[in-house]
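In: generate a structure from the sequence data that follows.
(2 chains)
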Amino acid sequence: MTVTSPSLAVRGLAYAYPDGTQALFGVDLTIARGERVALLGPNGAGKTTLVMHLNGILTAGHGTVEVAGLPVRADTLREIRRRVGLVFQDPDDQLFMPTVREDVAFGPANLGIRGDELDRRVRDALGRVGMLGALDRPPHHLSFGQRRRVAVATVLAMEPEILVLDEPSSNLDPASRRELADILSGLDVTVLMVTHDLPYALELCERSLILSGGVIAADGPTRELLADADLLAAHRLELPYGFAVPAHPS
Amino acid sequence: MSAGHHHQLYRAGDSPVHRLPPQCKLLAVAAFAVAVVATPRDRLWAFAVYAVLLAAVAAAARVPAGFVLRRMVIEVPFVLFAVVIPLVGTGERVAVLGVPLSVPGLWAAWNILAKATLGVAASILLAATTEPRTLLLGAERLRLPRLLVQIATFMLRYMDVILDQMRRMRIARESRGFVARDLRQAPVLAKSAGALFIRAYERGERVHLAMLSRGYAGEMPIIRDLSASRRDWGLAVLLPVLAAATAVLSWSLA
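Out: Predicted structure coming up:
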């Protein structure tokens, strides 16, 4: 509850699905306010399971999750979901209202915001992702890249403490990918980016975590982790063909 | 993604009819339909009055007759049904162009045709002047069950997504040499339908998670408050009040 609380603190988080499959075996991580961190890991490492814990959609079997000092519990869910802005991988899942305006307004309206303040939040959030022009359009008339940007706006409108993005670069063409990177790097908000797009992590995040086998296997500067070929290989991560990351930029 | 960038039924405009809040228009159309249905079928003049009333609404909304007529095609199955009645009807017969037709059957056919046509025309005018989304907001304001309105809202949003998925599955089938020639191919199509259902169901679950993540707690927040003024209601009741007066007259002028 102090100003110095990290944006996100996860301690000893373990989780098994109802069918008994253990997905997380004790995850520890801390993200300070204003940091941009990439969570790297192969398919099936438990990335999405971890993300679902951050805003209380799944509740921890063991361990704790705290967002800016507030623990995730049944009685704090409302505030937690305001503080954690989750952007899902498929924008068609995220954008469920008939118009962009209503979709961006959905979150703040659930927080009880109405009238001019609601309108200000909607315009502000869409402006930050460069999509103000799409205000009254139906989401399914937008391009995929535009929909992803609107999806980011839907959580920005809730003025979250931390933005959690699930595979933000997936299915984007190179130009949309760069546009989204420009937008994300310009945001003044803590970001946790879940991805296996390693160059994207390098571009946007100074620090990276590797989640593998349900635990944090590595935590350090993105450049150093990506320069360690053995580390990457041990966790089924690979740079795209032709890429190499020197440990220290020349 | 989808090519249907405009709803076929909606005709953008800025007429007094377009500007009316949707709840007023919904109630007006429903009340109009009740008045029409309540009119005895042999008061032909009353049906002419209803048609004139609708024509006046169309003129006020600046919706051309051709636009309405083309969309009346939806009524064709009713017309076919109505055509059959005089042929198979019993009772007194009258020869029309040498074909013996049942007189009560003719009256029954006229009854169905006239009332259905007026109802369909009124609905087309409603849809032409009200965006589908606004129509649902109006339904919500009229206290229709919120769950039903929510389901319809999601249908509006996801119809194109699911149609697109269906199209991709068809292309995938055909790319591997599938041609639906006769009934023997039905099992394949049935399995596709099942797969589509499961995909839609799974999407529903993911959408629900996305809603929860943004603070959904069982009720859709009111984002666009469409309140109707007295003037709006005054304008909207013109159609049903005139129609009701006609219906009452048609009963009393027996």
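
In: can you show me the strands along chain B?
Out: B:93-96, B:99-102 (DSSP state E).

In: ranking these by burial, who's on top?
Out: strand B:99-102 (a mean of 14; mean count of other Cβ atoms under 10 Å in any protein chain shown). Quick note: C-beta positions are derived from backbone N, CA and C, even for glycine.

In: and the contacts of that strand?
Out: With Cβ atoms under 8 Å, 6 or more residues apart in numbering or on different chains as the test, strand B:99-102 has contacts from B:85, B:86, B:87, B:88, B:89, B:90, B:91, B:92, B:93, B:94, B:95.

In: number of nearby residues for residue B:200?
Out: Residues contacting residue B:200 under the criterion other Cβ atoms under 10 Å in any protein chain shown number 14.

In: shouldn't it be in contact with residue B:162?
Out: Yes - between residue B:200 and residue B:162 there is a contact at 5.7 Å, judged by Cβ atoms under 8 Å.

In: state the distance from residue A:201 to chain B.
Out: Noted for residue A:201: a distance of 23 Å to chain B, by Cβ to the nearest Cβ, to the nearest Å.

In: ok now do that residue, which residues does it touch?
Out: Residue A:201 makes contact with A:38, A:40, A:193, A:195, A:208, A:222, A:226, according to Cβ under 8 Å, 6+ apart.

In: now with 6 Å, please.
Out: Residues near residue A:201 by Cβ atoms under 6 Å, 6 or more residues apart in numbering or on different chains: A:38, A:195, A:208, A:222.

In: widest-spaced pair of these?
Out: Farthest pair in the contacts of residue A:201 (Cβ to Cβ) is A:195 and A:222. Separation: 11.0 Å.

In: ok, for residue B:199, nearest residue in space, not its chain neighbours?
Out: Take residue B:199 and drop its neighbours on the chain: the residue closest to it by Cβ to Cβ, 6 or more residues apart in numbering or on different chains is residue B:165, 6.2 Å away.

In: burial of that neighbour, as a residue count?
Out: Count around residue B:165 with other Cβ under 10 Å applied: 17.

In: just the one 5 residues further on next, same as before
Out: The tally of other residues near residue B:170 (other Cβ under 10 Å) stands at 14.

In: just residue A:157 next, same as before
Out: The tally of other residues near residue A:157 (other Cβ under 10 Å) stands at 28.

In: distance of it from chain B?
Out: In this view, residue A:157 and chain B are 9 Å apart by Cβ to the nearest Cβ.

In: try residue A:235
Out: 27 Å.

In: check the secondary structure at residue A:245 for me.
Out: Classification of residue A:245 using DSSP: H, G, I helix; E, B strand; the rest coil returns coil.

In: what strand or helix carries the closest residue to it other than its chain neighbours?
Out: Closest residue in space to residue A:245, ignoring its immediate chain neighbours: residue A:226 at 4.2 Å, by Cβ to Cβ, 6+ apart. Element membership for residue A:226, per DSSP states H and E: helix A:222-227.

In: residues in contact with whichever helix or strand comes after that helix?
Out: Next in sequence after helix A:222-227, counting helices and strands by DSSP H and E, comes helix A:229-234. The contact list for helix A:229-234 (Cβ under 6 Å, 6+ apart) reads residue A:218.

In: how about stretch B:122-129?
Out: Applying Cβ under 6 Å, 6+ apart, the set of residues contacting stretch B:122-129 is B:9, B:11, B:17-18, B:25, B:29, B:32, B:57-58, B:61, B:63, B:68, B:71.

In: among these, the buried ones, what's the PyMOL command?
Out: Only the buried entries of the contacts of stretch B:122-129 go into this PyMOL selection, using 16 or more other Cβ atoms under 10 Å in any protein chain shown:
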select buried, chain B and resi 9+11+17+18+25+29+32+57+58+61+63+68+71
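
In: and the contacts of stretch B:122-129, which is closest to residue A:189?
Out: The closest of the contacts of stretch B:122-129 to residue A:189 turns out to be residue B:18 (Cβ to Cβ; 40.7 Å).

In: sketch out the low-pLDDT regions of chain A for me.
Out: Chain A contains residues with pLDDT under 70 at A:1-3, A:249-250.

In: what residues does it have near chain B?
Out: Residues of chain A lying close to chain B (Cβ under 6 Å from any Cβ of the partner chain) are A:55, A:57, A:81, A:86, A:88, A:92-94, A:96, A:98, A:102, A:105-107, A:109-111, A:140-141.

In: check what pLDDT the residue most central in space within chain B gets.
Out: Chain B has residue B:123 as the residue nearest its centroid, 5.5 Å off, counting by Cα atoms, centre = their mean. For residue B:123, the model assigns a pLDDT of 95.

In: what of residue B:7?
Out: 64.

In: how about the residue of the stretch 51-200 of chain B found nearest chain A: what's its closest non-neighbour residue?
Out: Per Cβ to the nearest Cβ, residue B:133 is where the stretch 51-200 of chain B lies closest to chain A, at 4.4 Å. Leaving out its chain neighbours, the residue that sits closest to residue B:133 by Cβ to Cβ, 6+ apart is residue A:98, at 4.4 Å.

In: how many residues are close by that neighbour?
Out: Neighbour count for residue A:98, taken as other Cβ under 10 Å: 21.

In: before we move on, what about the one 3 residues further on?
Out: Residues within reach of residue A:101, counting by other Cβ under 10 Å, total 20.

In: wait, doesn't it sit right on residue A:135?
Out: Yes - contact criterion Cβ atoms under 6 Å: residue A:101 and residue A:135 qualify, at 4.9 Å.
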